[in-house]
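In: After the sequence you'll find the predicted model.
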There are 2 protein chains.
Amino acid sequence: MLHVVLVGVEGCENTGSVARVMMNFGVSRLILISPNCNHLSDSALNYAIHARKILENARVEKSLTEVINECDISIAFSRRVGQFRRRDLTLFKLGDFLKAYQNKNVFLVFGREKTGLTNEEILLCDLICTIPASEEFPSINLSHAVGIVLYELYKSFSTQKQTKDALKRDEIESTVNNIISFLTQIDYFKNHKEDRLKSLFKKFLFRADLDRMELQIIDNLVSRVKGIVKRLSC
Amino acid sequence: MLHVVLVGVEGCENTGSVARVMMNFGVSRLILISPNCNHLSDSALNYAIHARKILENARVEKSLTEVINECDISIAFSRRVGQFRRRDLTLFKLGDFLKAYQNKNVFLVFGREKTGLTNEEILLCDLICTIPASEEFPSINLSHAVGIVLYELYKSFSTQKQTKDALKRDEIESTVNNIISFLTQIDYFKNHKEDRLKSLFKKFLFRADLDRMELQIIDNLVSRVKGIVKRLSC
């Protein structure tokens, strides 16, 4: 279970935008640590759009110390990596890393818009994660950072399962056989190798990542072409 | 080379935020199609922070038609996937797919905040991509969507090397035209719509991620089939 923890958030717009992007990626638990804005203000609620419930149900606490021990793992997001702030992970690897924590309580801890998390707050967290970005201007807006992190985790967690009903090999083979049967009908294989072409067509269709309806469109087209050419032939 | 194309953007905040997140991920080319806000307003420039140069250098055009042919591939982002708006890719796979286009001009086309892209605008683009999100509230704010897409591509481009030379659009179109010319030859379009089928073939060939030799194999096959069927016909 992912929880977004905002420490000292300053802007209502950002707070509302964070709620919206949380709902976009199916995350509902928001913890605000000493917020400097009213998360139930009109501005915050307007930016949240359909995610106002996340704001209404947000938990507000005074300091990170009070909540940090409730989670199984806490990740501090920080781009300032120095002598005492060693980066443990980049976001590129966080998804893989957190797969094992899908049924655990994970705190994703984000700092203030301008100054981020303090050294003390970072020390309270288990790991430090950075979002890789251009060195020229790596400072990502708070709600955008939350959105990017939640997208990355949504991707990692959902690609474990099969996202769409993959075509079975024999469905693709049946369409390939239909194409081959047309080419046989017109005596194409007098001069060309059937096996190689069959294997190529199969690869192309697999790689095009077709769904069932798209495969059907190709299959129907081939069948119709076969019929037309048969009638045309002397 | 990635270009962000915003069609009919309404908000200055969003425009500024898009510029900021573009700079975060090292993308500098912004094209605004009939914007409904002043991208050089104080509000837009304030949200851009250090990325005001991206706004100052943004290109403004009246319609997508005027610019779409300047790119090697265009990706329309849309979450409304229906009968005539078939999703070709999800963002989960876009990075892998665009690996081959790293040195080409790629247009990432985003629609209006409220209504997205029109059917006509989508048809102008080569592929449709959706950002997977929770079904309960999948509508991601425009600048957040741009940020998530650019993060995903930044990740793919920085973790993978280019493996092959991407096909140009006109190479794929030439093969599609060859297929269409065969179908015209056998009078296929008496009962079926040519435009829809042409766009489908184009998508399939793009998605199959063919190399030049593979495309040539298909092209030669179609040409030979045309010749054979012509001779067969009474």
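Out: All right, it came through fine. Numbers count the residues shown, from 1 in each chain, chains lettered A, B, ... in the order given.
In: Can you show me the helices along chain A?
Out: A:12-24, A:42-48, A:52-56, A:64-67, A:91-98, A:119-124, A:142-158, A:169-185, A:194-207, A:212-232 (DSSP state H).
In: who touches residue A:71 in this structure?
Out: By CB atoms under 8 Å, 6 or more residues apart in numbering or on different chains, the residues touching residue A:71 are A:3, A:104, A:105, A:106, A:107. No exception for glycine: its C-beta is placed from N, CA and C like everyone else's.
In: Out of these, the closest to chain B would be?
Out: residue A:3 (16.3 Å; CB to the nearest CB).
In: Could you double-check that that closest one lies in contact with residue A:105?
Out: Yes: with contacts counted by CB atoms under 8 Å, residue A:3 reaches residue A:105, the gap being 6.5 Å.
In: who has more neighbours, these two?
Out: residue A:3 (20 against 14; other CB atoms under 10 Å in any protein chain shown).
In: thinking again about what came up before, ok, and which of the helices of chain A has the densest surroundings?
Out: helix A:12-24 (a mean of 26; mean count of other CB atoms under 10 Å in any protein chain shown).
In: could you give the angle of that one to helix A:142-158?
Out: Angle, helix A:12-24 to helix A:142-158, by axes from the mean of the first three to the mean of the last three CA atoms, to 10 degrees: 10 degrees.
In: so what does helix A:12-24 touch, helix or strand wise?
Out: When contacts are defined as 3 or more CB pairs under 8 Å, 6 or more residues apart in numbering or on different chains; DSSP states H and E, helix A:12-24 sits against strand A:2-7, strand A:29-33, helix A:42-48, helix A:52-56, helix A:142-158, helix B:142-159.
In: so how far is that helix off the chain centroid?
Out: 17 Å (CA atoms, centre = their mean, to the nearest Å).
In: Then stretch A:1-19?
Out: 19 Å.
In: Extract the C-alpha set from it and format it as PDB.
Out: Output of stretch A:1-19 as PDB, limited to C-alpha atoms (Å, rounded to 0.1, in the frame of the first residue of the first chain):
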ATOM      1  CA  MET A   1       0.000   0.000   0.000                       C
ATOM      2  CA  LEU A   2       1.500   3.300  -1.100                       C
ATOM      3  CA  HIS A   3       1.200   6.400   1.000                       C
ATOM      4  CA  VAL A   4       2.300   9.800  -0.200                       C
ATOM      5  CA  VAL A   5       3.800  11.900   2.600                       C
ATOM      6  CA  LEU A   6       4.200  15.600   1.900                       C
ATOM      7  CA  VAL A   7       6.400  17.400   4.400                       C
ATOM      8  CA  GLY A   8       5.800  21.200   4.800                       C
ATOM      9  CA  VAL A   9       4.000  21.600   1.500                       C
ATOM     10  CA  GLU A  10       3.500  25.300   0.700                       C
ATOM     11  CA  GLY A  11       1.100  25.600  -2.200                       C
ATOM     12  CA  CYS A  12      -2.600  24.800  -2.400                       C
ATOM     13  CA  GLU A  13      -2.300  24.200  -6.100                       C
ATOM     14  CA  ASN A  14       0.500  21.600  -5.600                       C
ATOM     15  CA  THR A  15      -1.500  19.900  -2.800                       C
ATOM     16  CA  GLY A  16      -4.600  19.600  -5.000                       C
ATOM     17  CA  SER A  17      -2.500  18.500  -8.000                       C
ATOM     18  CA  VAL A  18      -0.800  15.900  -5.900                       C
ATOM     19  CA  ALA A  19      -4.200  14.500  -4.900                       C
END
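In: Need the worst-confidence member of the contacts of residue A:71.
Out: Ranked by pLDDT, the contacts of residue A:71 bottom out at residue A:104, which scores 87.
In: Could you list the domains of chain A?
Out: Partitioning chain A according to automatic domain parsing yields domains covering residues A:2-158, A:169-232.
In: pLDDT value on the nearest residue to residue A:99 once chain neighbours are set aside, please?
Out: Distance criterion CB to CB, 6 or more residues apart in numbering or on different chains; nearest residue to residue A:99, sequence neighbours excluded, is residue A:156 at 6.1 Å. Per-residue confidence at residue A:156 stands at 91 (pLDDT).
In: check contacts around residue A:156.
Out: Shown in contact with residue A:156 (CB under 8 Å, 6+ apart): A:94, A:95, A:96, A:98, A:99.
In: What is the least confident helix or strand in chain A?
Out: helix A:194-207 (a mean of 81; mean pLDDT, DSSP states H and E).
In: For that one, which helices and strands make contact with it?
Out: Looks like helix A:194-207 contacts helix A:169-185, helix B:212-232 (3+ CB pairs under 8 Å, 6+ apart).
In: Now that residue A:179 has come up, it's in contact with residue A:204, right?
Out: No: in this structure, residue A:179 is not within contact of residue A:204 by CB under 8 Å, at 10.3 Å.
In: Dump the domains of chain A to TSV, plus distance to residue B:212.
Out: Formatted as TSV, the domains of chain A follow (distance: least, CB to CB, whole Å):
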stretch	distance to residue B:212
domain A:2-158	31
domain A:169-232	14
